[in-house]
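**Student:** Build me a structure from this.
(4 chains)
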Number of protein chains: 2
Amino acid sequence: MSEIESFFKSAFSVDNVIFGFDGSELKVLLIQRGAAPFKGKWALPGDLVYPNEDLDTAAERVLEQLTGLRGVYLEQVKAFGAVNRHPLGRVITIAYYSLIKISDFAVTPASFAQSARWHAVSEVEELAFDHNEILATCLKRLKHKVRTEPVGFELLPPKFTLTELQQLYDAILNLPKKLDKRNFRKKILSMNLLVELEEIQEGVAHRPAKLYQFDREKYEQFVAEGFSFDI
Amino acid sequence: MSEIESFFKSAFSVDNVIFGFDGSELKVLLIQRGAAPFKGKWALPGDLVYPNEDLDTAAERVLEQLTGLRGVYLEQVKAFGAVNRHPLGRVITIAYYSLIKISDFAVTPASFAQSARWHAVSEVEELAFDHNEILATCLKRLKHKVRTEPVGFELLPPKFTLTELQQLYDAILNLPKKLDKRNFRKKILSMNLLVELEEIQEGVAHRPAKLYQFDREKYEQFVAEGFSFDI
DNA sequence: CGGACTTATTGTTAAATGAACACCAATTTA
DNA sequence: TAAATTGGTGTTCATTTAACAATAAGTCCG
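**Tutor:** You can find the predicted model right below:
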């Protein structure tokens, strides 16, 4: 085998940290491995990248095969390439995370076959490969991202209350003290990115809250004018 | 060829955006390609990753072979993996940037053979492959990093004046207005990360400035106590 | 040696932002 | 109709940021 050929003995994969929010906790969608290596262990959904497939496309494919969802928020985070990270050969992986509305997740044939399940991020145990490290890196990135860009809304239904939005931030940031309710509302409303709807919350056993919607067009316009999101 | 084998027909490389600072401009170290593809074009230094080599190690190797330097600041930024980014096959690349003291760069045999040269970041023209995009991404990352972690010092000699430090920030951030001198000095000194030396600048045709040194130990101690760098 | 030149050094004020904090309102349910 | 639950709202003080200019220290040249 020529030297140059030896470089082509390796492969690359994508792994996708799929985040969801159930109203109180940040969740991650994991699959239980049905085959060696790490058979029976929970792992991040991922796959080898096809020879004629862009990295981003591969990450989208992994997501769609598992959840049936397309066009959701997806961001590349980092390549993980320790020599021995994969027991069967040299495989580096490119880590992505995506944000989905947890209610949109329906069990697909693929997810059924792989016994996919939501796990609270705070309670994830030992995963296959270096997936704990990947998850930690993606979570760290998400914590930063959610404060500097309005990506949190990707995890909420289109109509939400301010309390729900704050609970989302509390769940993701997981700070020693929860955010202050009055200050949070003041800040988010002062950005003028939320549209107050005519509707109110239904089916709750207490005073119902107003519903809001995120106005993406306004956000993009503000950004063009130099605005930057910050919580 | 079995399907699984087809995944092992690809390779991965690292490319390294090596930044330097000459006192007034932010520079990047480029090499002129001596062979096809893109023969004669300027490109980022990079190489295929050896089969038994970690990604970070490969990036360090590329840097050392070109500059002779070890142990310098190096950070992975992103994987670039468009299908057709490399004309000779499927090669994805992991982009890194590193920060070196420009005076430490001595021409090594490797850099001589490749005609390596510093280019002002603002004047870089069309590079080989997708290297303009990689450079832009790394520059963006550096701009962010330099405001939130004390990595700027990696580009300066161990002893520097406050004006030199500010010029570095101005050069990297390239803001419409330069930073305010009084505010900048107030802010950086208030962090208590700089040690004022007994020495002053020499060989300048005007009032010489005091020399300072970055105190990394203090920084690490402060971080452990919850401090976060911010300019 | 003195004057011109160049860069170094320093502080105040006003405006904006961030942090801390508690009560009344609206609705459901028993 | 009372109790329980969550929704909604303002003020004050401390901190941070932004804007701004005059004097000091050294070199150079005549």
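
**Student:** what residues are up against A:Trp42?
**Tutor:** A:30-33, A:119, A:124-125, A:127-128 (CB atoms under 8 Å, 6 or more residues apart in numbering or on different chains). Where C-beta positions appear, they are placed from N, C-alpha and C, glycine not excepted.

**Student:** Identify the bridge partners of it.
**Tutor:** Beta-bridge partners recorded for A:Trp42 (DSSP bridges): A:Gln32.

**Student:** distance of it from A:Phe21?
**Tutor:** Using CB to CB, to the nearest Å, A:Trp42 is found at 19 Å from A:Phe21.

**Student:** cool, and A:Ile31?
**Tutor:** 19 Å.

**Student:** Check A:Gln167 too.
**Tutor:** Using CB to CB, we find A:Gln167 at a distance of 8 Å from A:Phe21.

**Student:** Name the residue in those two with the higher neighbour count.
**Tutor:** A:Phe21 (22 against 19; other CB atoms under 10 Å in any protein chain shown).

**Student:** Model confidence score at that one, please.
**Tutor:** The model reports A:Phe21 with a pLDDT of 98.

**Student:** What residues does the closest residue to it other than its chain neighbours make contact with?
**Tutor:** Distances taken as CB to CB, 6 or more residues apart in numbering or on different chains put A:Leu155 closest to A:Phe21, at 4.2 Å, once the chain neighbours are dropped. Applying CB under 8 Å, 6+ apart, we find A:Leu155 in contact with A:19-21, A:99-102, A:168.

**Student:** just to revisit the earlier point, which one of the contacts of A:Trp42 is nearest B:Glu225?
**Tutor:** Of all the contacts of A:Trp42, A:Val124 has the smallest distance to B:Glu225: 28.9 Å, by CB to CB.

**Student:** For burial, what's the neighbour tally of that closest one?
**Tutor:** A:Val124: 17 neighbours (other CB under 10 Å).

**Student:** Wait, it touches A:Leu30, no?
**Tutor:** Yes: at 7.4 Å, A:Val124 and A:Leu30 qualify as touching, with contact defined as CB atoms under 8 Å.

**Student:** what's the first-to-last distance across stretch A:12-31?
**Tutor:** Stretch A:12-31 has its terminal residues 19 Å apart, counting by CA to CA, to the nearest Å.

**Student:** Is any residue of it near DNA strand D?
**Tutor:** No: against DNA strand D, stretch A:12-31 shows no contacts by CB under 7 Å from any atom of the strand, the least distance being 11.0 Å.

**Student:** and the direction of the strand or helix carrying A:Val17 versus that of strand B:11-21, what angle?
**Tutor:** In this assignment (DSSP states H and E), A:Val17 forms part of strand A:11-21. Following axes from the mean of the first three to the mean of the last three CA atoms, to 10 degrees, one obtains 70 degrees for the angle between strand A:11-21 and strand B:11-21.

**Student:** Strand A:11-21 pairs with which strands?
**Tutor:** strand A:26-32 (antiparallel), strand A:46-48 (antiparallel), strand A:91-99 (parallel).

**Student:** Figure out how far that strand is from the centre of its chain.
**Tutor:** 8 Å (CA atoms, centre = their mean, to the nearest Å).

**Student:** tally of neighbours for whichever residue of chain A sits closest to DNA strand C?
**Tutor:** Minimum separation of chain A from DNA strand C (CB to the nearest atom of the strand) falls at A:Arg207, amounting to 3.0 Å. A count of nearby residues for A:Arg207, using other CB under 10 Å, gives 7.

**Student:** Likewise for A:Leu194?
**Tutor:** 20.

**Student:** how many other residues sit next to the closest residue in space to it that isn't next to it in sequence?
**Tutor:** Among residues not flanking A:Leu194 along the chain, A:Tyr212 sits closest, at 4.4 Å (CB to CB, 6+ apart). Using other CB under 10 Å, A:Tyr212 has 23 neighbouring residues.

**Student:** Is A:Tyr212 in a helix, a strand, or coil?
**Tutor:** strand (DSSP: H, G, I helix; E, B strand; the rest coil).

**Student:** dump the residue contacts of the residue nearest to A:His131 when sequence neighbours are not counted.
**Tutor:** Once flanking residues are discounted, A:His131 sits nearest to A:Leu44: 4.7 Å by CB to CB, 6+ apart. Taking CB under 8 Å, 6+ apart, we find A:Leu44 in contact with A:15-17, A:30-31, A:95, A:127, A:131, A:134-135.

**Student:** What is the most widely separated pair among the residues you listed?
**Tutor:** Maximum pairwise distance among the contacts of A:Leu44 (CB to CB): 15.4 Å, between A:Ile31 and A:Ala95.

**Student:** So those two - more neighbours on which side?
**Tutor:** Using other CB under 10 Å as the criterion, A:Ile31 and A:Ala95 rank with A:Ala95 on top: 27 against 21.

**Student:** The more buried one and A:Cys138 touch, don't they?
**Tutor:** Yes: using CB under 8 Å, A:Ala95 is in contact with A:Cys138, at 6.1 Å.

**Student:** tell me the domain ranges of chain A?
**Tutor:** A:3-148, A:156-224 (automatic domain parsing).

**Student:** Need the winner for burial among those.
**Tutor:** Mean neighbour count, computed with mean count of other CB atoms under 10 Å in any protein chain shown, is highest for domain A:3-148 among those, reaching a mean of 18.

**Student:** what about that domain, distance to the chain center?
**Tutor:** 10 Å.

**Student:** Can that domain be said to contact DNA strand C?
**Tutor:** No: Domain A:3-148 lies out of reach of DNA strand C by CB under 7 Å from any atom of the strand, never closer than 10.5 Å.

**Student:** Secondary structure element for A:Asn37, which one?
**Tutor:** Let me fix one detail, which is that residue A:37 is Pro and not Asn. Going by DSSP H and E, A:Pro37 is not in any helix or strand.

**Student:** Report the separation between it and B:Asn52.
**Tutor:** Distance, A:Pro37 to B:Asn52, by CB to CB: 19 Å.

**Student:** Poorly predicted segments of chain A, please.
**Tutor:** By pLDDT under 70, the low-scoring segments of chain A are A:1-9.

**Student:** longest single helix anywhere in it?
**Tutor:** Across chain A, the longest stretch assigned as helix under DSSP state H is helix A:131-148.
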